[in-house]
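Enquirer: Fold the following and give me the result.
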Amino acid sequence: MTATHAPARRSATEQAKLDAMMIELWEHRISFNQLLGLKVASLRPGDVRVRLDMRPELVGHYAYGRLHGGVISATLDALAGMALMVELGEKHAEESAEQVMHRFGRMGTIDLRVDFLRQGVGQHFVGRAEVTRLGGRIGSTQMRLENEQGTLIATAAASFVVA
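Expert: Below is the predicted model of the structure:
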């Protein structure tokens, strides 16, 4: 009988490199995320969060100053993709940062459902995502968006092609 060994996990230095590459991609290289002003708050497995500061350009209703529904939807969609990126990095923990980043080129949303629960009123918003399933070809997520007071603004679910 031969012993099988789990593949070596990437080093802390390589993980830090992957995290930095994901933040660079997510905040700067994806122009729409940059336009929205999305900032990574956490990239930890099981704790993927983003922050969105309210700005006049994001208002959907001029009289009330509410966050536009399209901004909410786009934020939750982007957040789902980021959560899946983090989980793919964990699933392939033996790969280098470059190898993992290469995997993201094939990702794409195939389904997105958003439930708008309350008006998007606040100074800033925090989105959280959880990966509910990560298969070989499809990944599924659940997301939520709250304002700075913890008021739940919207929830969502999404499916992505990941391979």
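Enquirer: Which is the succeeding secondary structure element to the helix or strand encompassing residue 21?
Expert: Using DSSP states H and E, residue 21 sits in helix 12-24. Remark: after helix 12-24, the chain's next helix or strand is helix 31-36, criterion DSSP H and E.
Enquirer: how about the CA coordinates for that next one, as PDB?
Expert: Output of helix 31-36 as PDB, limited to C-alpha atoms (Å, rounded to 0.1, in the frame of the first residue of the first chain):
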ATOM      1  CA  SER A  31     -13.300  49.100 -14.600                       C
ATOM      2  CA  PHE A  32     -16.900  48.900 -13.600                       C
ATOM      3  CA  ASN A  33     -16.000  48.000 -10.000                       C
ATOM      4  CA  GLN A  34     -13.800  51.000 -10.000                       C
ATOM      5  CA  LEU A  35     -16.600  53.200 -11.300                       C
ATOM      6  CA  LEU A  36     -18.900  52.000  -8.600                       C
END
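Enquirer: Give me the residues contacting the next helix or strand after that helix.
Expert: Counting by DSSP H and E, the next helix or strand C-terminal to helix 31-36 is strand 39-44. When contacts are defined by Cβ atoms under 8 Å, 6 or more residues apart in numbering, strand 39-44 is touched by residues 19, 22-23, 26-27, 48-53, 82, 86, 126. Where C-beta positions appear, they are placed from N, C-alpha and C, glycine not excepted.
Enquirer: three-state assignment of residue 154?
Expert: strand (DSSP: H, G, I helix; E, B strand; the rest coil).
Enquirer: Identify the bridge partners of it.
Expert: residue 116, residue 145 (DSSP bridges).
Enquirer: how close does it sit to residue 74?
Expert: 12 Å (Cβ to Cβ, to the nearest Å).
Enquirer: Can you name every helix or strand that the helix or strand harbouring residue 113 contacts?
Expert: Here residue 113 sits within strand 108-116, counting by DSSP H and E. Helices and strands touching strand 108-116, by 3 or more Cβ pairs under 8 Å, 6 or more residues apart in numbering; DSSP states H and E, are helix 69-91, strand 152-161.
Enquirer: Fine by me, we can end here.
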